[in-house]
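**Q** The following block contains a protein sequence and its predicted model.
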Amino acid sequence: MKFLRIGAPGAERPAVLSADGTPLDLSGITADIDGAFLAGDGPERVRAALDGGALPPLEGAAGAGREGGPRIGPPVAPHGKLIGIGTNYSDYAKATGAEPPERPIVFIKPTDTVVGPYDPVLIPRGCSATDHEVELAVVIGRHARYLASEEEGAAAVAGFTIANDVTEREHQFGHGGQWGKGKSFETFTPLGPWLVTPDELEGGGSSPLGLRLRVNGSLVQEGSTGAMLFGVAYLVQHLSHFMALRPGDVIITGTPAGPAMTRPGKPYLREGDVMELEIDGLGAQRQRLAAA
């Protein structure tokens, strides 16, 4: 299934895509796509309603995500934790000159950085090193504490989506080198467009997925989740020993090579630039850069 949320910020309505791509109304089943929905029997009820043809089209949702159409918000309500993984691709480590980590590098982003997949991204005031990072995002669907195996880690996953881990490098590496400062600006985590359940993907999401990011039409990032140093199931299991993972929490799993800081001339993002992101089976995003 592909879940999504359509509407203005703070007023998104829950939907699921039909086989022909029509957003269907889930308001009779749930008030939102959130942790409570994912942890309960919400997905099973939606699947039964889909199979029975009992869901009507979501009113006013035609053209959602298109220019001038209804807004698509982040596919899960951003009320849980937003956990980042750093330097998790072998080609990224090589491009940055970093030693591949022996254990996952973990950081936390504020959930109020989360916006929809087509919302503008704001360049922070006084900053000139805003960068892009296309990433596979993992949404947790059940409580996970001290998991004993990667199998348990995989079972805790409700679904997958696309994230853009926008980063201001000047504040990530300068002024004392604090990742939190470089990654916590408003609009710095576009998420979506869909929350795709594992059964929609080959291997339940464990098989490699291609990732791509273009800036102004030029392909600048292209990679595969198969190059991750730490896979999804391991990350969920590992994190569960350091924090309680709860339904609705989101893990962004790192980016492949190609961010501006690793390319000749360091062509950081500027006002008016357009980013386009896609991951196989998970849809696409598009954001225009604007001044804060």
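**A** Everything's here; your move.

**Q** Which elements pack onto the strand or helix carrying residue 162?
**A** Residue 162 belongs to strand 157-164 when assigned by DSSP states H and E. Under the contact criterion of 3 or more CB pairs under 8 Å, 6 or more residues apart in numbering; DSSP states H and E, strand 157-164 touches strand 134-140, strand 189-190, strand 195-196, helix 232-239, strand 274-279, strand 283-291. Yep, even glycine has a C-beta here, placed from its N, CA and C like the rest.

**Q** hmm, try it at 7 Å
**A** For strand 157-164, the packing partners by 3 or more CB pairs under 7 Å, 6 or more residues apart in numbering; DSSP states H and E come out as strand 134-140, strand 189-190, strand 195-196, strand 274-279, strand 283-291.

**Q** Dump the ones you listed to CSV, plus mean neighbour count and distance to residue 71.
**A** Shown next, in CSV, are the helices and strands packed on strand 157-164 (neighbours: other CB atoms under 10 Å; distance: least, CB to CB, whole Å):
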stretch, mean neighbour count, distance to residue 71
strand 134-140, 26, 19
strand 189-190, 28, 12
strand 195-196, 26, 16
strand 274-279, 20, 17
strand 283-291, 18, 13
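
**Q** Nearest to residue 230 among the ones you listed would be which one?
**A** Closest of the helices and strands packed on strand 157-164 to residue 230 is strand 134-140, at 11.7 Å (criterion: CB to CB).

**Q** Rebuild the helices and strands packed on strand 157-164 as CSV, extending it with distance to residue 115.
**A** Output for the helices and strands packed on strand 157-164, formatted as CSV (distance: least, CB to CB, whole Å):
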stretch, distance to residue 115
strand 134-140, 13
strand 189-190, 5
strand 195-196, 15
strand 274-279, 13
strand 283-291, 8
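
**Q** would you turn those into CSV with mean pLDDT and distance to residue 48?
**A** Shown next, in CSV, are the helices and strands packed on strand 157-164 (pLDDT from 0 to 100; distance: least, CB to CB, whole Å):
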stretch, mean pLDDT, distance to residue 48
strand 134-140, 98, 21
strand 189-190, 98, 32
strand 195-196, 98, 18
strand 274-279, 98, 28
strand 283-291, 98, 24
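
**Q** Out of the ones you listed, which gets nearest to residue 121?
**A** strand 283-291 (4.7 Å).

**Q** Note down every partner strand of the closest one and its orientation.
**A** strand 121-123 (parallel), strand 274-279 (antiparallel) (DSSP bridges).

**Q** Next, please give the residue ranges for the helices of the stretch 51-200 of the chain.
**A** 90-96, 150-155, 169-173, 179-183 (DSSP state H, counting those that start in this stretch).

**Q** Over to residue 35: give its phi and psi.
**A** Dihedral pair for residue 35: phi -60, psi -40, per degrees, to the nearest 10.

**Q** mind listing what it touches?
**A** By CB atoms under 7 Å, 6 or more residues apart in numbering, the residues touching residue 35 are 79-80, 246-248.

**Q** Okay, now the unreliable bits of the stretch 51-200 of the chain?
**A** 175-178 (pLDDT under 70).

**Q** In JSON lines: the helices of the stretch 51-200 of the chain, plus mean neighbour count and distance to residue 252.
**A** Listed next are these as JSON lines, based on neighbours: other CB under 10 Å; distance: least, CB to CB, whole Å:
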{"stretch": "helix 90-96", "mean neighbour count": "17", "distance to residue 252": "14"}
{"stretch": "helix 150-155", "mean neighbour count": "17", "distance to residue 252": "16"}
{"stretch": "helix 169-173", "mean neighbour count": "19", "distance to residue 252": "15"}
{"stretch": "helix 179-183", "mean neighbour count": "19", "distance to residue 252": "10"}
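
**Q** These: which one's closest to residue 43?
**A** Closest among the helices of the stretch 51-200 of the chain, using CB to CB: helix 150-155, at 13.6 Å.

**Q** my read: residue 183 touches residue 109, true?
**A** Yes - if you go by CB atoms under 7 Å, residue 183 and residue 109 touch, sitting 5.3 Å apart.

**Q** residues shared between the contacts of those two?
**A** Joint contacts of residue 183 and residue 109 (CB under 7 Å, 6+ apart) are residue 84.
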